[in-house]
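Undergrad: give me a 3D structure for the following:
(2 chains)
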2 protein chains.
Amino acid sequence: MTPNAITPTRAQDFPEWYQQVIRAADLAESSPVRGCMTIKPNGYAIWEGLQAAFDREIKAMGVRNAYFPLLIPLSYFSREAQHVDGFAKECAVVTHHRLEAGPDGGLQPAAPLEEPLVVRPTSEMIIGDAMARWVQSYRDLPLKLNQWANVMRWEMRPRLFLRTSEFLWQEGHNAFATADEADADARAVLDMYVRVAREVLALPSIPGRKTEDETFPGAEVTYTFEMMMQDGKALQSGTSHHMGQNFARSCGIKYQDKDGREQYAHTTSWGVSSRLIGALIMTHADDDGLVLPPRIAPEQVAILPITKSPDAALTEHCQALAEQLRAAGIRAEVDARDMRTPDKIWGALKRGVPLRVEIGGREAAAGTVTHVRRDLGRGSKATAPVQHFLGAARGLLDEVQQNLLARAEQRLRENTHDTEDLDGFFAHGTGFARAPASVLQDPSFTEVKKRHGVTPRCMPFADGGESVIIARAY
Amino acid sequence: MTPNAITPTRAQDFPEWYQQVIRAADLAESSPVRGCMTIKPNGYAIWEGLQAAFDREIKAMGVRNAYFPLLIPLSYFSREAQHVDGFAKECAVVTHHRLEAGPDGGLQPAAPLEEPLVVRPTSEMIIGDAMARWVQSYRDLPLKLNQWANVMRWEMRPRLFLRTSEFLWQEGHNAFATADEADADARAVLDMYVRVAREVLALPSIPGRKTEDETFPGAEVTYTFEMMMQDGKALQSGTSHHMGQNFARSCGIKYQDKDGREQYAHTTSWGVSSRLIGALIMTHADDDGLVLPPRIAPEQVAILPITKSPDAALTEHCQALAEQLRAAGIRAEVDARDMRTPDKIWGALKRGVPLRVEIGGREAAAGTVTHVRRDLGRGSKATAPVQHFLGAARGLLDEVQQNLLARAEQRLRENTHDTEDLDGFFAHGTGFARAPASVLQDPSFTEVKKRHGVTPRCMPFADGGESVIIARAY
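TA: Residues are numbered from 1 along each chain as shown, chains lettered A, B, ... in the order given. All right, here's what the predicted structure looks like:
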């Protein structure tokens, strides 16, 4: 058996395996600026797919996209004490607006700003400021805004996609006349997140609300969906907050109701980020590298001409097949690079292409193809007449999608255990502990959290607030 | 005759009219941070359309999107002296990465960075740095990368969409083995820009190359396309540079050729920005506000229920029509807001919706609609049976699109004049002067440029470098 493409394996060293999968699939790399990443074309194509999938649903909810300034005046951060506590330690601050030659001939900052500007760690404060101007009457509500943007939170221990100083996300900020509408909306957004993650990314999750201690500063309620990675740790994949009137008060978002009385709006805020690419990797990838669910895979079928030396006729034969697949709405690419065949095969494996097709001269002549499903490891080779494969390709991709989801669901199910003995559970085990909500009040819980490095992830909707999921987390 | 929706009119005060059109269409506003803008939902939807139209063509050229860090180490800017000259005066500089409470209790920057970081004014240097790592062999070429991102150039005299400290753009950076390939690619990109602007935005332009003096610092050749605004001034709408090996040398982009020799790559860089929204406004809008070409209009048909008090049945009737239009691929919206009818009509005019449909109770009963083309001013009302309108809507939108393009083309043609007497031309006239290229060598040309505030815009491809277009410009 050939060794695995990725060294170390998941079992040997999960964090290092994660980095090596990213490198082998050429998704991203660390940048010269500490903590920031460069998202390479293979990684960015996944982000574009993700963005399209969520954006469609966001718009279907009546939310409108907009763009707010990158830089936020320092004074805005003083308006909401709780807000600042959360971000102040990790803000990049612009203090000058010019460069000039210094005494040693090198460049140095010149022209200090009257007020320093903060590179947005979130746009909450500047969008709130705009909402306060845009909302006057009950007729202006609901106001639902979303922004796709880069944000910056200085990160001392960066990890690609999971924790970087700069990352990409969407942040939604909605305002309503009543608390009920705001709460229902925060829930509806979370349900949408869970659905898209499951249907498009094949990522199952446990949705619920955060415990009081884990609720976002300033929020009344934080809804979250938590996924289980292959090492049993939890990944918080996105959150949706019902802010009550707290945020409206600090930003001055007021409206005149139908009776002419002035009221504060009730707001929500919600976001998912490039972190979801980390979730995709840690949920589906294996010891040969990335495994992408077909619905998010930028390249769904990789077609490899199998030949020792460049063969124009064979390449053309492969291109014709790719064209037919594309005509059927399948994202197919021919790897016609001047490269050894085994390297191409390893390349397709490591990039996570759901379906690989190999065509040698003999197969081209016989009108057959060999196809291999990425999700089944190396033992799934099958040969079929081209016409048969063309008819079956869509179905094969659907099977891969379903299999990846089923596998992840099984993992989540089998590694979530009901227990009241948290200390015993985490002393030996990994995965999610589902405990009665009463443990949160147990005086020993603080000690358990510290001893095992675990946190309450959420109180699942499915249990009506009676239980709490506890786990180690990213 | 009702007064115009926009005060002042174009003839009265063109720059102020421009600001008022933006305000009336609710496209954008100045932000609390000097020189930065907030792009509001109506404006951002245009940007999304523009982005989709260009992105499709960019990908069709084999370019791959990626994302590079926002912050660039100061030292990178010292590598290319010419490059720095262009941007140093307008850089936002990050010097700290934390906030802390100051002596007066307010927040102040803390934790100075070892090396200041510059908020990207362009990503040229950081993408070049990556290319130097990613390109090793001739097999890695061509490498074609594009990024959609925000950039920052401190602006002392900002104007919405035209000149703001932060703006949105795409920047492409391609590397090739040979000068011929690079030059052909820079031309092909410009041709693509011209085509998309013309076909989707109904914006005609004069494509050509910049004169030597106007060529981008460090470039061998700068290709540009210049549009004419309704006040006769030019707008540079995007550029495509062939950098020769200059940029590859300063960034170290080298490859081994087939014979094992080390060579510098030949690079290009190319971009269009949110400035194109300014071009749309100043080309098509009139004294009643924005006029959008249907192919870029987020809302192609506005359906207004005409009634004095809310009428659920009428609204439903309108919604049914909107559904039918949407099923035919037309972006239709019903304006069911609780608002006076004349305000809704003015709203649709000012937003620039290409086709307005009015349906009162009597028309609903009779199964007819009244429709009005935005491009024909106020005199184009027509009434038709619903079924007839449904069949004709696509054609009507195409007519609006063609008419806007034809009108802009006529304006460009009629206001471009052959002349050798530049002083005489600009003493009284506006528009574009087309002069023999020899004027560039004329000793009096410097004086003419200064006296009339004009610049050479481009040497049109159509004249094979024999002529030069001279104009006042944005």
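Undergrad: indicate whether the lengthiest strand in chain A makes contact with chain B.
TA: For chain A, the strand with the greatest residue count under DSSP state E is strand A:107-119. Yes - Strand A:107-119 comes into contact with chain B (C-beta under 8 Å from any C-beta of the partner chain), by way of A:107, A:108, A:109, A:116, A:117, A:118, A:119. (Glycine included, C-beta is placed from N, CA and C.)
Undergrad: what helices or strands is that strand leaning on?
TA: strand A:71-73, strand A:93-101, strand B:93-101, strand B:107-119 (3 or more C-beta pairs under 8 Å, 6 or more residues apart in numbering or on different chains; DSSP states H and E).
Undergrad: any stretches of the stretch 1-150 of chain A with poor pLDDT?
TA: A:1, A:80-86 (pLDDT under 70).
Undergrad: show me the domain layout of chain A.
TA: For chain A, automatic domain parsing gives the domain ranges A:14-284, A:301-399, A:414-471.
Undergrad: chain center to the shortest one, what's the gap?
TA: A distance of 24 Å separates the centroid of the chain from that of domain A:414-471, by C-alpha atoms, centre = their mean, to the nearest Å.
Undergrad: so how far is the first residue of it from its last?
TA: Counting by C-alpha to C-alpha, to the nearest Å, you get 14 Å between the two ends of domain A:414-471.
Undergrad: next, the closest residue to chain B within the stretch 301-450 of chain A: phi, psi?
TA: Using C-beta to the nearest C-beta, the closest approach of the stretch 301-450 of chain A to chain B is made by residue A:338 at 6.4 Å. Backbone torsions for residue A:338, taken as degrees, to the nearest 10, come to phi -80, psi 90.
Undergrad: that one: neighbour count?
TA: 8 (other C-beta atoms under 10 Å in any protein chain shown).
Undergrad: isn't it right next to residue A:310, touching?
TA: Yes - taking C-beta atoms under 8 Å as the definition, residue A:338 is a contact partner of residue A:310 at 6.4 Å.
Undergrad: where exactly do the strands run in the stretch 101-250 of chain A?
TA: A:107-119, A:143-152, A:166-176, A:206-209, A:221-228, A:234-244 (DSSP state E, counting those that start in this stretch).
Undergrad: any chance of TSV for these, columns distance to residue B:74 and mean neighbour count?
TA: Output for the strands of the stretch 101-250 of chain A, formatted as TSV (distance: least, C-beta to C-beta, whole Å; neighbours: other C-beta atoms under 10 Å in any protein chain shown):
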stretch	distance to residue B:74	mean neighbour count
strand A:107-119	6	18
strand A:143-152	17	21
strand A:166-176	17	23
strand A:206-209	45	23
strand A:221-228	39	25
strand A:234-244	35	24
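Undergrad: would a markdown table of those with distance to residue B:417 be doable?
TA: Formatted as a markdown table, the strands of the stretch 101-250 of chain A follow (distance: least, C-beta to C-beta, whole Å):
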| stretch | distance to residue B:417 |
| --- | --- |
| strand A:107-119 | 43 |
| strand A:143-152 | 45 |
| strand A:166-176 | 49 |
| strand A:206-209 | 67 |
| strand A:221-228 | 64 |
| strand A:234-244 | 59 |
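Undergrad: for residue B:180, find the nearest of these.
TA: strand A:107-119 (35.7 Å; C-beta to C-beta).
Undergrad: paired strands for the closest one, with orientation please.
TA: strand A:71-73 (antiparallel), strand A:93-101 (antiparallel) (DSSP bridges).
Undergrad: hmm, back to that, quick check: the farthest pair among the residues of strand A:107-119 next to chain B?
TA: Top of the distance list for these (C-beta to C-beta): A:107 and A:118, 22.9 Å.
Undergrad: which parts of the stretch 251-400 of chain A sit against chain B?
TA: So far as C-beta under 8 Å from any C-beta goes, the stretch 251-400 of chain A lies against chain B at A:337, A:338, A:339.
Undergrad: residue contacts, the closest residue to residue A:449 other than its chain neighbours?
TA: Nearest residue to residue A:449 in three dimensions, chain neighbours excluded: residue A:455, at 6.2 Å (C-beta to C-beta, 6 or more residues apart in numbering or on different chains). Residue A:455 makes contact with A:214, A:449, A:470, A:471, A:472, A:473, according to C-beta atoms under 8 Å, 6 or more residues apart in numbering or on different chains.
Undergrad: again, only this time at 10 Å
TA: A:210, A:211, A:213, A:214, A:234, A:236, A:449, A:469, A:470, A:471, A:472, A:473 (C-beta atoms under 10 Å, 6 or more residues apart in numbering or on different chains).
Undergrad: inside helices: which ones of the residues you listed?
TA: Among these, the members found in helices (DSSP state H) are residue A:449.
Undergrad: nearest to chain B, of the contacts of residue A:455?
TA: Closest to chain B, out of all of the contacts of residue A:455 and judged by C-beta to the nearest C-beta, is residue A:236, at 22.5 Å.
Undergrad: these two touch, right, the closest one and residue A:226?
TA: Yes - Residue A:236 lies in contact with residue A:226 (C-beta atoms under 10 Å); the separation is 5.9 Å.
Undergrad: residues shared between the contacts of those two?
TA: With C-beta under 10 Å, 6+ apart as the test, residue A:236 and residue A:226 both reach A:205, A:210, A:457, A:458, A:473.
Undergrad: check contacts around the nearest residue to the first one once chain neighbours are set aside.
TA: So that's residue A:205. Spatial nearest neighbour of residue A:205, excluding adjacent residues (C-beta to C-beta, 6+ apart): residue A:225 at 4.0 Å. Neighbouring residues of residue A:225 by C-beta under 10 Å, 6+ apart: A:190-191, A:193-194, A:197-198, A:203-208, A:235-240, A:272, A:457-458, A:460-461.
Undergrad: can you get me a residue count around the residue of the stretch 151-300 of chain A at minimum distance from chain B?
TA: Closest residue of the stretch 151-300 of chain A to chain B, C-beta to the nearest C-beta: residue A:154 (4.4 Å). The burial count assigned to residue A:154 is 24, neighbours taken as other C-beta under 10 Å.
Undergrad: what does residue A:339 give?
TA: Residues near residue A:339, counting by other C-beta under 10 Å: 12.
Undergrad: residue A:347 is in contact with that one, correct?
TA: Yes - with contacts counted by C-beta under 10 Å, residue A:339 reaches residue A:347, the gap being 8.0 Å.
Undergrad: looking at it, residue A:167 is touching residue A:39, isn't it?
TA: Yes - counting by C-beta under 10 Å, residue A:167 touches residue A:39, with 9.5 Å between them.
Undergrad: who touches both of the two?
TA: A:161, A:274, B:67.
Undergrad: quick check: the second one vs residue A:281, distance?
TA: The gap separating residue A:274 from residue A:281 is 12 Å, by C-beta to C-beta, to the nearest Å.
Undergrad: what is in contact with those two at once?
TA: Counting by C-beta under 10 Å, 6+ apart, the residues touching both residue A:274 and residue A:281 are A:43, A:46, A:160, A:161, A:162.
Undergrad: quick one: secondary structure of the spatially most central residue of chain A?
TA: Nearest to the mean C-alpha position of chain A, by C-alpha atoms, centre = their mean, lies residue A:276 at 1.4 Å. Here residue A:276 is recorded as helix under DSSP: H, G, I helix; E, B strand; the rest coil.
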